[in-house]
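Student: Everything below, folded, please.
(chains A and B)
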Amino acid sequence: MRLRAVRASFAKATTAKQALILITVASLPAIGEGIYFRDKISWQSPIPASELVTVDQARAWGDGAIWVDARPDEEFARDHVPSAFSLNEDHWNELLPQLLPNWSPGKKVVVYCSAESCNAARDVAKRLRDDAQLTEVFVLQGGWEEWVKTKR
Amino acid sequence: MKTNILTFALSIFLCVVARAELKWEQNVIDLHPAVGDKTAVAHFKYQNSGTTPVHFKSVKASCGCTTTQSQKEVVNPGEKGEIVATFNIGDRTGQQMKTVTVQTDDPNPSQATTVLTFKATIPQALEIKPTFVYWQSGEDPKPKKISIKASKDFPAKNITVKSNSQNFESKVEPSKTSGEWTIEVTPKDTSHPMGTALLVQSDYPKEAPKSFYVNVSVTNPPGAPAVLRPNAPGAPAAKTGTPAAIPSASPTDR
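Tutor: Below you'll find the predicted structure:
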């Protein structure tokens, strides 16, 4: 009986050891790649939570917010959030003057692109903050995809 | 038993020998377009260093601003080729990083998907700060200043400012430092919301002077409804040409 217990605990220890070895061996290439590519790719850091807004939160702002569609012209033409303005970096100079007269101090700006993974909303939001010096510019979490989901 | 061992050994041997392997010369490319360039092109070169053909399943760019072109659908062993990614610069400036994801039929999952990256540094010919100035309705119509600085690669000597609107006055003052200016803008009155885009033109390049825009507005009081309607549903956004002066919103529009 005692021998069986000893054997079982020995088997457990061996399994744990093997698992640890496997994990270590598996992570070595990833660590190596990380070190090798550390200067070659500068991945963008995640958007700070304070600059994100959910669909429900943004909707609750009502007329206190302006919606900005950062997707390409064709996608905006197909469909967009009602009353949203098109503003993308392809035609920034033409589109920005259409948006600005509708902004006033205290108004929030909600920028969205296709989905969570797209970067256009982040880029447009950054430019609105840096170049046009607008404050209270937010990126819509989940983008257009999330808007469509919550509309249903 | 012997047959099993032989089959196993043979399959391992075949896996090692009959491999498809697309080797990329570079996975990351830096692009440095010149001032005024409309596109920047990245050439991702590859070679099939394996022993079986490689089929491209998909080549997708991370953004609508990039188009991709693969010369062939099948790459035979030893063959070379390239994926060409053309980045449409549009009105972008500064550092831009885009990716192209290539999927092949390589049985090895780690080789089947390759993410190619290009980093484009788009020179900003004129640094304009800020690109938008505003006065609130009823605010004292005091002049506001915009500073303009030409980059090293953009040797403009002079700039001019034009406006379609009579509601704002603007004047350019050159700085003591060459290639730097200050634009002073003053609204004629701030009694109601209005706005326009000032056209800033440089004297460089001589053949085709470049245009830049500064937006000026008298804004609604905080909390007031929008003055202008956004693009009508389904209407395509403006694509080319000089932005029209923003129509002044009459007080009744509020």
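
Student: tell me which parts of the stretch 51-200 of chain B are close to chain A?
Tutor: Contacts of the stretch 51-200 of chain B with chain A, taken as C-beta under 8 Å from any C-beta of the partner chain, map to B:62-65, B:88, B:90-92, B:97, B:117, B:119, B:128-132, B:134, B:136, B:193-197. To be clear about C-beta, it is placed using only N, CA and C from the backbone, and glycine gets the same treatment.

Student: Please, a ChimeraX command that selects the buried ones among these?
Tutor: Those of these that count as buried under 16 or more other C-beta atoms under 10 Å in any protein chain shown are selected in ChimeraX with:
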select /B:62,63,64,65,90,91,92,97,117,119,128,130,131,132,134,136,193,194,195,196,197
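
Student: so how many other residues sit close to residue 80?
Tutor: Picked chain A for this. Applying other C-beta atoms under 10 Å in any protein chain shown, we find 22 residues neighbouring A:His80.

Student: try again with chain B
Tutor: For B:Lys80, the count of nearby residues is 12 (other C-beta under 10 Å).

Student: wait, what's in contact with it?
Tutor: B:Lys45, B:Tyr46, B:Gln47 (C-beta atoms under 8 Å, 6 or more residues apart in numbering or on different chains).

Student: Which members of these occur in helices, if any?
Tutor: Of the contacts of B:Lys80, none are assigned to helices by DSSP state H.

Student: Please enumerate the strands of the stretch 151-254 of chain B.
Tutor: Per DSSP state E, counting those that start in this stretch, the stretch 151-254 of chain B carries strands over the ranges B:159-162, B:168-174, B:180-187, B:194-202, B:211-219.

Student: average model confidence for the shortest one?
Tutor: Going back to what we said before, that points to strand B:159-162. Average pLDDT, strand B:159-162: 95.

Student: all helices for chain B, in order.
Tutor: Ranges of helices in chain B, per DSSP H, are B:2-17, B:109-112.

Student: What of chain A?
Tutor: A:2-36, A:55-60, A:73-78, A:92-99, A:120-130, A:143-151.

Student: just to revisit the earlier point, which among the contacts of B:Lys80 gets closest to B:Pro155?
Tutor: Closest to B:Pro155 out of these is B:Lys45 (35.3 Å), distances taken as C-beta to C-beta.

Student: where does that closest one land on pLDDT?
Tutor: Listed pLDDT for B:Lys45 reads 97.

Student: measure the spatially most central residue of chain A to B:Ser170 for me?
Tutor: What sits nearest the mean C-alpha location of chain A, by C-alpha atoms, centre = their mean, is A:Glu116, with 4.8 Å. Going from A:Glu116 to B:Ser170 by C-beta to C-beta, to the nearest Å gives 42 Å.

Student: care to break chain A down by domain?
Tutor: Using automatic domain parsing, the domain parsing of chain A gives A:1-43, A:49-151.

Student: Between these, which one is closest to chain B.
Tutor: Closest to chain B of those, according to C-beta to the nearest C-beta: domain A:49-151, at 3.6 Å.

Student: average pLDDT for the closest one?
Tutor: Computed over domain A:49-151, the mean pLDDT rounds to 94.

Student: how far does it sit from the chain's center?
Tutor: Here domain A:49-151 is found 13 Å from its chain centre; the criterion is C-alpha atoms, centre = their mean, to the nearest Å.

Student: and if you look at stretch B:170-179?
Tutor: For stretch B:170-179, the distance from its own C-alpha centre to the chain's C-alpha centre is 29 Å (C-alpha atoms, centre = their mean).

Student: which residues touch the closest residue in space to A:Trp67 that isn't next to it in sequence?
Tutor: In space, and not counting its chain neighbours, A:Trp67 is closest to A:Ala84: 3.8 Å by C-beta to C-beta, 6 or more residues apart in numbering or on different chains. Going by C-beta under 8 Å, 6+ apart, A:Ala84 touches A:Trp67, A:Val68, A:Asp69, A:Phe76, A:Tyr112, B:Pro230.

Student: Next up, phi/psi of A:Ala84, please.
Tutor: The phi and psi values for A:Ala84, taken as degrees, to the nearest 10, are phi -70, psi 150.

Student: List the contacts of stretch B:34-46.
Tutor: Counting by C-beta under 8 Å, 6+ apart, stretch B:34-46 makes contact with B:22-27, B:29, B:31, B:33, B:75, B:80-89, B:100, B:116, B:118, B:120, B:122-123, B:125, B:151, B:153-154, B:205, B:208, B:210, all of which sit outside it.

Student: hmm, try it at 6 Å
Tutor: Stretch B:34-46 has contacts (C-beta atoms under 6 Å, 6 or more residues apart in numbering or on different chains) with B:22, B:24-25, B:29, B:31, B:33, B:81-89, B:116, B:118, B:120, B:123, B:125, B:153-154.

Student: what does stretch B:201-219 give?
Tutor: By C-beta under 6 Å, 6+ apart, stretch B:201-219 touches A:93, A:97, A:100-101, A:104, B:125-126, B:131-136, B:146, B:155-160, B:168, B:185, B:187, B:190, B:193-195, B:197-200.

Student: and the spatially most central residue of chain B, what does it touch?
Tutor: What sits nearest the mean C-alpha location of chain B, by C-alpha atoms, centre = their mean, is B:Arg92, with 3.4 Å. With contact set as C-beta under 6 Å, 6+ apart, B:Arg92 has these partners: A:Glu89, B:Ile122.

Student: Find me the pLDDT at it, would you?
Tutor: Taking B:Arg92 on its own, its pLDDT is 94.

Student: B:Lys206 too?
Tutor: Reported pLDDT for B:Lys206: 85.

Student: got the residues of chain A near chain B?
Tutor: For chain A, the residues in contact with chain B (C-beta under 6 Å from any C-beta of the partner chain) are A:40-41, A:63, A:72-73, A:77, A:83, A:85-86, A:89-95, A:97, A:100-102, A:104-106, A:131-133.

Student: my guess is A:Gln141 meets A:Gln57, correct?
Tutor: No - contact between A:Gln141 and A:Gln57 fails when scored by C-beta atoms under 6 Å: they sit 8.9 Å apart.
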